[in-house]
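Student: structure, please.
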Amino acid sequence: MTSPAAQTETVTMAARLGSIIDRAVGIISPRAALKRRFFRDQLSRAELYAAAKQNRLSRYTLGASNVNDIISASNPVLRSRVRQLVRDFPYLARAVGIMVDYSIGTGIVFQSKVKGPKGKLNKKLIVKIEDAVKWWMDEADAAGKMHYYDIMRLAKRQDLEPGEFVIVKTFPKDRNRYLPYALQIYEPDWLTSAKDNYSTGGIDLNAKPGARETRNGIEYEKQTGRVTGYWFADPNYGGAEMYVPAANVIHGFETLRPHQLRGVTPFAPGIMIASDLSSYLDAEIDTAKLAAKYLAFVYTDFGAERQTANPLITTDSDTGQKIENIENAIIEYLRPGEKIELASSNRPGTTFQPTVRLMLTMLSIVTGVPYELISGDYSGLNFSTCRIVRNDFAQQLRPISVRHIRQFGLPTIKTAIDLAVLTGRLSLPGYWQNPRPYLESEWQPPGMDAVDPLREAKSQIESISYGLKSPQEVARERGRDLEEVYNEIALAKEMAKDLGLTFNAANTSEKSNPAAIMEET
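Tutor: Numbers count the residues shown, from 1 in each chain. The predicted structure is shown next:
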């Protein structure tokens, strides 16, 4: 593959050659030379987008065109910088926490949806499958420390910080386990380039079928790009490289370009903004603290020997300037010829808050977290703007949660059900011939509470009444399963009946006019 530098050199040589030919033609026929120059200028203008043209006001560095070259060169630095900012910079740490909490929550809940011959849910099989999966979820961590949903949250955090998560399926031989299957989450840094042998750095359509090469620790077929295996090396303890077949590895990241092998942190465009904002805040706070230490300045007509004689005066060892310490609630009578000017600090200045808000808005755009959530500033919000912010954020979270279900949830649960059938924990007739009907499932991401429960409840009731929404959809918006909601209501009614409790339903005025509740009370 030709490098960008070689491509630029080729273009330059062609331009020089064209100029030489133009001059040679000009000696013989000046008219023909002018025509050649005119059409050459027109061609150069027509062949580029305006944004692609180079001039003194718009200069761009032409980097590598292969996505794997770019990620390979940038990822180690990007990972280190994002991790450091998440550790030290509160706003980026909050952004990561919010994205994990709102996209994963306490866990995207697995629900089996196996259907019977007539298309209705097979509740008996659903209970069996969900019970088996729940048993395994309790022991899903190979280290025995985390629940399955804790691993799910950690995987999402990895997806945000280093830009990818790597999970290796292990099969421990422990008779005390429900299933001989566990998950072990790896740092993406453990993927080693020690076994790299790539030539093209990407897909080679002319490669022989089945030919493989390895890049960035990932082995793939040269012709199709299908990943066949991974090479790992523990950077903390050294040791030999370990090869794991792709069937036993779950590698999740957001694919931004075709044939991309590794993930990149979505916070990459915001690293410089976050770093600049952190430095700006530190500098402003340090300056304000330093200015606040000075109470007053004493001006005198006497020489330095008079100041030195004062026992309250000390000398700064760094600057050599005189500093007088005045204790609280003490009035000092000045000597003749001295006057005091109280120090006044204008830090932070009037531009401090708008600057911070602007930079936080930019950081909000990069991270995908609304400004109000990342900053904790809810001033100026009303019902309409809250709804707009919430709806936009919810729309943005949907593909994020769905991708995590596809990359993490489905492959991990399928292996669990496979082994449950294989070990006899589950009896599913015809599973190996056609497992798909038994793998039908629904995953419930976390929902969001209503901004104004009374107002939104009335709107939802009307939507259900007119057939525009289903009760299931309303429950999903709140992160609940309708069946569980109905079971809880039935249980509550049964408990109330057993205890002899009765509750009055809201009257018509309360339903149509929530303010009537306040009037009656």
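Student: poorly predicted segments of this protein, please.
Tutor: The chain contains residues with pLDDT under 70 at 1-18, 22, 25-26, 33-64, 200-202, 235, 293-345, 347, 505-521.
Student: so where do the strands sit in it?
Tutor: Counting by DSSP state E, the chain has these strands, from start to end: 109-112, 165-170, 182-186, 212-215, 218-221, 227-232, 242-245, 249-252, 296-300, 313-315, 322-324, 338-342, 441-444.
Student: tabulate the ones you listed (a markdown table), appending mean neighbour count and distance to residue 145.
Tutor: C-beta: built from backbone N, CA, C; applies to glycine. Below are those laid out as a markdown table (neighbours: other CB atoms under 10 Å; distance: least, CB to CB, whole Å):
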| stretch | mean neighbour count | distance to residue 145 |
| --- | --- | --- |
| strand 109-112 | 20 | 21 |
| strand 165-170 | 21 | 14 |
| strand 182-186 | 18 | 11 |
| strand 212-215 | 19 | 32 |
| strand 218-221 | 21 | 28 |
| strand 227-232 | 19 | 21 |
| strand 242-245 | 14 | 22 |
| strand 249-252 | 19 | 19 |
| strand 296-300 | 13 | 58 |
| strand 313-315 | 13 | 55 |
| strand 322-324 | 13 | 55 |
| strand 338-342 | 11 | 59 |
| strand 441-444 | 17 | 24 |
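Student: quick one: contacts for the closest residue in space to residue 411 that isn't next to it in sequence?
Tutor: Excluding the flanking residues, the one nearest residue 411 by CB to CB, 6 or more residues apart in numbering is residue 250, at 5.4 Å. By CB atoms under 8 Å, 6 or more residues apart in numbering, the contact list for residue 250 reads 165-169, 407-408, 411-412.
Student: what is the nearest of these to residue 359?
Tutor: Using CB to CB, residue 165 comes nearest to residue 359 of the contacts of residue 250, at 29.1 Å.
Student: show me the contacts for residue 493.
Tutor: Residue 493 touches nothing, counting by CB under 8 Å, 6+ apart.
Student: distance of it relative to residue 158?
Tutor: Remark: distance between residue 493 and residue 158 (CB to CB, to the nearest Å) = 44 Å.
Student: over to residue 144?
Tutor: With distances taken as CB to CB, residue 144 is found 20 Å from residue 158.
Student: neighbour-wise, which of those two wins?
Tutor: Neighbour count, other CB atoms under 10 Å: between residue 144 and residue 158, residue 158 has more, with 22 against 11.
Student: re the thing from before, is it possible to export the strands of the chain to CSV including distance to residue 137?
Tutor: Formatted as CSV, these follow (distance: least, CB to CB, whole Å):
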stretch, distance to residue 137
strand 109-112, 8
strand 165-170, 14
strand 182-186, 10
strand 212-215, 34
strand 218-221, 29
strand 227-232, 25
strand 242-245, 23
strand 249-252, 16
strand 296-300, 66
strand 313-315, 66
strand 322-324, 64
strand 338-342, 66
strand 441-444, 13
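Student: ok, which of the ones you listed comes nearest residue 351?
Tutor: For those, distance to residue 351 was read as CB to CB. The smallest value, 24.4 Å, belongs to strand 338-342.
Student: and the residue lying closest to residue 381 once chain neighbours are set aside, how many neighbours does it have?
Tutor: Nearest residue to residue 381, sequence neighbours excluded (CB to CB, 6+ apart): residue 372, at 6.6 Å. Per other CB under 10 Å, the neighbour tally for residue 372 reads 18.
Student: could you verify my assumption that residue 372 touches residue 392?
Tutor: No: the pair residue 372 and residue 392 does not pass the contact test of CB atoms under 8 Å, sitting 11.5 Å apart.
Student: what do the two both touch?
Tutor: In the contact map built from CB under 8 Å, 6+ apart, no residue is linked to both residue 372 and residue 392.
Student: can you pull the contacts of the nearest residue to residue 420 once chain neighbours are set aside?
Tutor: Nearest non-adjacent residue to residue 420, counting by CB to CB, 6+ apart: residue 426, 4.2 Å away. Counting by CB under 8 Å, 6+ apart, residue 426 touches 128-129, 132, 417, 420.
Student: so what's the nearest residue in space to residue 210 that is not next to it in sequence bridging to?
Tutor: Nearest non-adjacent residue to residue 210, counting by CB to CB, 6+ apart: residue 221, 6.8 Å away. For residue 221, the beta-bridge partners are residue 212 (DSSP bridges).
Student: now the nearest residue to residue 456 once chain neighbours are set aside, what are its backbone angles?
Tutor: Closest residue in space to residue 456, ignoring its immediate chain neighbours: residue 450 at 4.1 Å, by CB to CB, 6+ apart. Per-residue torsions, residue 450: phi -70, psi 150 (degrees, to the nearest 10).
Student: doesn't residue 457 make contact with residue 450?
Tutor: Yes: using CB under 8 Å, residue 450 is in contact with residue 457, at 7.1 Å.
Student: mind listing what's buried in stretch 78-92?
Tutor: Residues 78-79, 81-82, 85-86, 89, 91-92 are the ones in stretch 78-92 that count as buried (16 or more other CB atoms under 10 Å).
Student: nearest to residue 271, of the residues you listed?
Tutor: Nearest to residue 271 among these: residue 81, at 5.2 Å, using CB to CB.
Student: state the distance from that closest one to residue 67.
Tutor: Noted for residue 81: a distance of 20 Å to residue 67, by CB to CB.
Student: for the residue nearest to residue 381, give its distance to residue 363.
Tutor: Distance of residue 372 to residue 363, given as CB to CB: 13 Å.
Student: swap in residue 483?
Tutor: Remark: distance between residue 483 and residue 363 (CB to CB) = 40 Å.
Student: residue 409 now?
Tutor: Remark: distance between residue 409 and residue 363 (CB to CB) = 29 Å.
Student: also residue 494?
Tutor: Taken as CB to CB, the span from residue 494 to residue 363 is 51 Å.
Student: those two: who's more crowded?
Tutor: Using other CB under 10 Å as the criterion, residue 494 and residue 363 rank with residue 363 on top: 23 against 10.
Student: give the contact list for that one.
Tutor: For residue 363, the contact set (CB under 8 Å, 6+ apart) comprises 91-92, 95, 270, 273-274, 277, 374.
Student: among the residues you listed, which lie within helices?
Tutor: Residues of these located in helices (DSSP state H): 91-92, 95, 273-274, 277, 374.
Student: list the contacts for residue 403?
Tutor: 252, 254.
Student: again, 10 Å this time
Tutor: Taking CB atoms under 10 Å, 6 or more residues apart in numbering, we find residue 403 in contact with 103, 159, 252-255.
Student: quick check: of those residues, which lies closest to residue 487?
Tutor: Closest approach to residue 487 among those (CB to CB): residue 103, at 26.5 Å.
Student: the residue nearest the centre of the chain - nearest residue in space that isn't next to it in sequence?
Tutor: Geometric centre of the chain, nearest residue: residue 160, 3.6 Å, by CA atoms, centre = their mean. Closest residue to residue 160 apart from its sequence neighbours, by CB to CB, 6+ apart: residue 96 at 5.3 Å.
Student: how close does that neighbour get to residue 84?
Tutor: 13 Å.
Student: again with residue 215
Tutor: From residue 215 across to residue 84, the span is 27 Å (CB to CB).
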